[in-house]
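S.K.: Turn this into a model:
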Amino acid sequence: MDADDYDDPRIESQWIADQRSRVLEYLRVEGVAHEGVPDRPDWFLAPYLAVWRVVSRKAPGVPGWWAISGDVPTDYMSSGEIRDAKRAMLAFARNWREVSNYMLRGEKHPEVAIGSQDQWPELGDLLRRRAELLTEFAANDAD
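M.R.: Sure thing, here's the model as predicted:
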């Protein structure tokens, strides 16, 4: 399947459902207690990227976390002051850039472990490129 196939609403809808399932499973494995993930992401470009609002248990209606999936590492972060998908993409990009810098220097990041040390050059480069892609998507997204 190529990117043009995702112009078909049925294929796009299936991709969104698959990504949502991926995010829900990831949050379950990570032990994130939340009130749910909407049926549709706040921002997406199928089949590449989806940014999801994760509903807080403490403050319904406010994102407790943001999650990301697609042709990127599935990941999540606390929402803090991040209230929209564009800022979430920039925050993920910042975090991934930091982690990739450690990996590319051959150093263990103090909080994040990805792959084995012999994989760090390849994974660090991939993570750096995904961070650049997120930054470009956020910059090109209209406010």
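S.K.: Return the distance of residue 42 relative to residue 113.
M.R.: 28 Å (Cβ to Cβ, to the nearest Å). Quick note: C-beta positions are derived from backbone N, CA and C, even for glycine.
S.K.: typed the wrong thing, it's residue 17
M.R.: From residue 17 to residue 113 the distance is 30 Å (Cβ to Cβ).
S.K.: same question, residue 2
M.R.: 34 Å.
S.K.: of these two, who's got more company?
M.R.: Higher neighbour count among residue 2 and residue 113: residue 113, with 10 against 6, using other Cβ atoms under 10 Å.
S.K.: need the contact list for residue 64.
M.R.: When contacts are counted by Cβ atoms under 8 Å, 6 or more residues apart in numbering, residue 64 is found next to 34-35, 54-58, 78-79.
S.K.: ranges for the strands of the protein?
M.R.: 43-45, 49-55, 63-70, 75-78 (DSSP state E).
S.K.: hey, where'd the helices end up in this structure?
M.R.: 9-30, 85-105, 120-140 (DSSP state H).
S.K.: The first one: how far from the chain's middle?
M.R.: Spelled out, it's helix 9-30. When C-alpha coordinates are averaged (Cα atoms, centre = their mean, to the nearest Å), helix 9-30 and its chain have centres 12 Å apart.
S.K.: returning to that earlier point: make JSON lines out of the contacts of residue 64 and add neighbour count and pLDDT.
M.R.: What follows is the contacts of residue 64, written out as JSON lines (neighbours: other Cβ atoms under 10 Å; pLDDT from 0 to 100):
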{"residue": "34", "neighbour count": "17", "pLDDT": "94"}
{"residue": "35", "neighbour count": "13", "pLDDT": "93"}
{"residue": "54", "neighbour count": "22", "pLDDT": "97"}
{"residue": "55", "neighbour count": "17", "pLDDT": "94"}
{"residue": "56", "neighbour count": "17", "pLDDT": "90"}
{"residue": "57", "neighbour count": "10", "pLDDT": "87"}
{"residue": "58", "neighbour count": "8", "pLDDT": "87"}
{"residue": "78", "neighbour count": "14", "pLDDT": "93"}
{"residue": "79", "neighbour count": "19", "pLDDT": "92"}
